[in-house]
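1. For reference, the sequence and a predicted model appear below.
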Amino acid sequence: MTASNGYSVEVEKLVKRFGDFTAVDRISFQTRSGEVFGFLGPNGSGKSTTIRILCGLLHPTSGRAIVAGYDVVESPELIRRNIGYMSQKFSLYADLTVFENLRFYAGMYGVPAAELRGRIDWALEMAGLRGRESSLTGTLAGGWKQRLALGCAVLHRPPILFLDEPTSGVDPLSRRLFWELIQQMSSEGVTIFVTTHYMDEAEYCNRLALMNGGKLIALGTPTELKLGSIQGSLLLLECDRLGDAIERVRRLDNVRDVAVFGNALHLVVSDAAIAPTIRAALESYGILVTGLRVIRPSLEDAFVALTTRHGADDASELSP
Amino acid sequence: MIERLRQILLKEFIHLFRDKQARFSLIVPPLLQMLIFGYAASYEVNRVSTAVLDFDHSQESRDFLERISASSRFQVREVLQNESQIPSLLDHRRVVLVLQIQPGFAELLRKGQTAPIQAVLDGTDSNTALIAVEYINQIAARFAQDYQLQLADRTRPTLATFAPNIELQERPWYNANLESRWFFVPGVIGTLVLVSVLQLTSFAVVREREIGTLEQLMVTPISPTELIVGKTLPFLIVGLANVVFVGILGSYWFEVPFRGNILVLLLGTTLFLSSALGVGLLISTVSQTQQQAFAISFFYITPAIMLSGFGYPIGSMPTTLQYLTNLDPLRFFLVVLRGTFIKGVGLSVLWPQMIAMAILGAATLTIATLRFHKTLD
Ligand SMILES: Nc1ncnc2c1ncn2[C@@H]1O[C@H](COP(=O)(O)OP(=O)(O)OP(=O)(O)O)[C@@H](O)[C@H]1O
Ligand SMILES: [Mg+2]
């Protein structure tokens, strides 16, 4: 157990193996109180596994994790009183009403009787479900269900909240509303640990951790990641016959990486000065180039650049 | 904490009763099974389809066959003329029994010698075959006895009145008419409640695992004990209600008497169900899906029924199996069911069974609790 030092989550050389497979590979990081900490990474990179260890649902193979000042192995029960968790597969009891679900979780978390009504009212308000207390939860639309699940997870006012892909499969408006709730809780001092596949959501985070193949490959603010991820410059290429263009561009010297973005290509090059060479090369193959210019990398570029770079580094290792 | 327990019990009862389909599957299948088993599960064999082949064509042979067809045990479907007809009849299961009387049957009888009757049986269902043979034996013995009296009557009328006429009068206790239903109905109650409670318990946990709420529940401060009590108590109550409900149906519909004390039965049921609940929880710890839980539950249910003495007397099992039956709580519960229903005996007789079930229940629940962690690995 550590003394309070401003960190709500501390992870040190955390490892989780399932048989021979290493799902989480010696990761270390800290989150500060009140921070929105984003956890990004391709499918199977170990995000959910890490969160489950932090919630005391899985035993780490080795390493250390301290949540709210308690060690996950030594005192999972104390951690549970201090965290809220929405699992990736978040779900409520469909045959219980909105009120019954809230009442049930309030009971599980031991919300004192005096605060009960107030907390449930607050959750109803937050989820926008006032007046629908007695609707069966199974009949609610996705966005409402998700906000109700969040309400259920924070009835006991936990200082740390773990949200594992809370917005997957929810419409954009609901996602926006959900993130407003997250920002609000963060401003009240709640640490929010959130995984997502949406880059626009990642932009809302104070800091991001990028996982790949169980390893933590980058950690920083969104801006830091964007600037640090690309060694060289990023070019936006608009042309026809994208498939051919990718083939051709790949073979050119000084082009480090190519990725498709919508109906254009992003090229990572060592030096922006080679742009005319690229244009000339493509045109010599009869590809019509309609645009080629230097752009600032987006978070998605950073994400792609970092994961492919590290994927190549670790080619010898098993990574799904 | 009482509040936590209260909330989880409330939730489980909502799952059990709110949904129309859930209510239906709680009430209708046990009733239906009781009715089906009550009618189907029986040692008695009636209306055995029979063919007869009489080569003797005598008064005596006709007399004997008359008795066969008069008995409700047999139904004479075919009267044959020659033996070549037999194989195809049996092959096509038109009949399961062929009675054949050889020429000279009457002559042998008149001389006071043993007269054979040949019975050809379809042994596929050996149970029916054996029971049918037993009935034929009874009818033949009766016939022989009557014939002897008749013969004596005709030849030596004066002695006839003094002819020794010994008849064995069986008086089975508890079940004077040897109604096999009386034996089976309590057994059906026991197996029914085992199956329903085992599956309800394992499904209740596995369903939450499937939909993902179990993971959500595990991060709350609920203790494993609270979770286990919350996940078993409702099904104990359902099981007790089931026994009462199906028991009432059994005693009214099938006219099986209930002669004992309902409290003794409920105590026995509670002790028995503690094992069923424990096994249900154990199944839930090793199953990821409801289908898995369903399949695994059969690995328990089938031997539990086989070893319980439900259909097959424990006394006729190989010795090793007989020892094994002591691990089967259903074995003891059937004794309690039959004891309270038919014999009307109380704790002074049933205490060994009660203790055995208590030990098995405590052991199963302990193992289940130890295995039931609040973690995913
Ligand atoms: N209980 C388990 N047993 C064996 N392997 C597991 C188990 N749980 C997870 N894994 C494996 O560990 C790897 C990491 O899984 P995890 O769920 O942590 O990934 P993730 O980053 O959350 O992915 P996603 O974005 O798809 O949610 C995957 O390859 C997964 O198959
Ligand atoms: Mg995941």
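-> Alright, I've got the coordinates. Ligands and ions are numbered 1, 2, ... in the order given.
2. Whichever residue of the stretch 51-200 of chain B sits closest to ligand 1 - nearest residue in space that isn't next to it in sequence?
-> Of all residues in the stretch 51-200 of chain B, the one sitting closest to ligand 1 is residue B:199 (25.5 Å; C-beta to the nearest ligand atom). Placement of C-beta: from N, CA and C, glycine included. Excluding the flanking residues, the one nearest residue B:199 by C-beta to C-beta, 6 or more residues apart in numbering or on different chains is residue B:297, at 5.7 Å.
3. domain parsing for chain A?
-> Residue ranges of the domains in chain A are recorded as A:7-221, A:231-296, according to automatic domain parsing.
4. model confidence over the host helix or strand of the residue of the stretch 51-200 of chain B closest to ligand 1, on average?
-> In this assignment (DSSP states H and E), residue B:199 forms part of helix B:180-211. Averaged over helix B:180-211, pLDDT sits at 86.
5. Tell me if the helix or strand just after it is near ligand 1.
-> Proceeding N to C from helix B:180-211, the next assigned helix or strand is helix B:213-218, under DSSP H and E. No: judged by C-beta under 6 Å from any ligand atom, helix B:213-218 stays clear of ligand 1, getting no closer than 11.5 Å.
6. Can you give me the buried ones in helix B:213-218?
-> Using 16 or more other C-beta atoms under 10 Å in any protein chain shown as the burial criterion, the residues of helix B:213-218 that qualify are B:213, B:214, B:215, B:216, B:217, B:218.
7. cool, stretch B:31-45 as well?
-> B:33, B:34, B:35, B:37, B:38, B:41, B:45.
8. For the residue of the stretch 201-320 of chain A found nearest chain B, which non-adjacent residue is closest in space?
-> With C-beta to the nearest C-beta as the measure, residue A:214 is the residue of the stretch 201-320 of chain A nearest to chain B, at 16.0 Å. Leaving aside its sequence neighbours, residue A:214 sits nearest to residue A:25 (C-beta to C-beta, 6+ apart; 3.8 Å).
9. Against chain B, how distant is the one you found?
-> The gap separating residue A:25 from chain B is 17 Å, by C-beta to the nearest C-beta, to the nearest Å.
10. what's the neighbour count on that residue?
-> 21 (other C-beta atoms under 10 Å in any protein chain shown).
11. hmm, back to that, for the buried residues of stretch B:31-45, give me JSON lines that also has pLDDT.
-> Formatted as JSON lines, these follow (pLDDT from 0 to 100):
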{"residue": "B:33", "pLDDT": "80"}
{"residue": "B:34", "pLDDT": "80"}
{"residue": "B:35", "pLDDT": "80"}
{"residue": "B:37", "pLDDT": "74"}
{"residue": "B:38", "pLDDT": "72"}
{"residue": "B:41", "pLDDT": "61"}
{"residue": "B:45", "pLDDT": "70"}
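12. Tell me which residues touch residue 282, please.
-> No chain specified, so I'll use chain A. Residue A:282 makes contact with A:239, A:245, A:248, A:249, A:289 under the criterion C-beta atoms under 8 Å, 6 or more residues apart in numbering or on different chains.
13. sorry, should have said chain B
-> By C-beta under 8 Å, 6+ apart, the residues touching residue B:282 are B:364, B:367, B:368, B:371.
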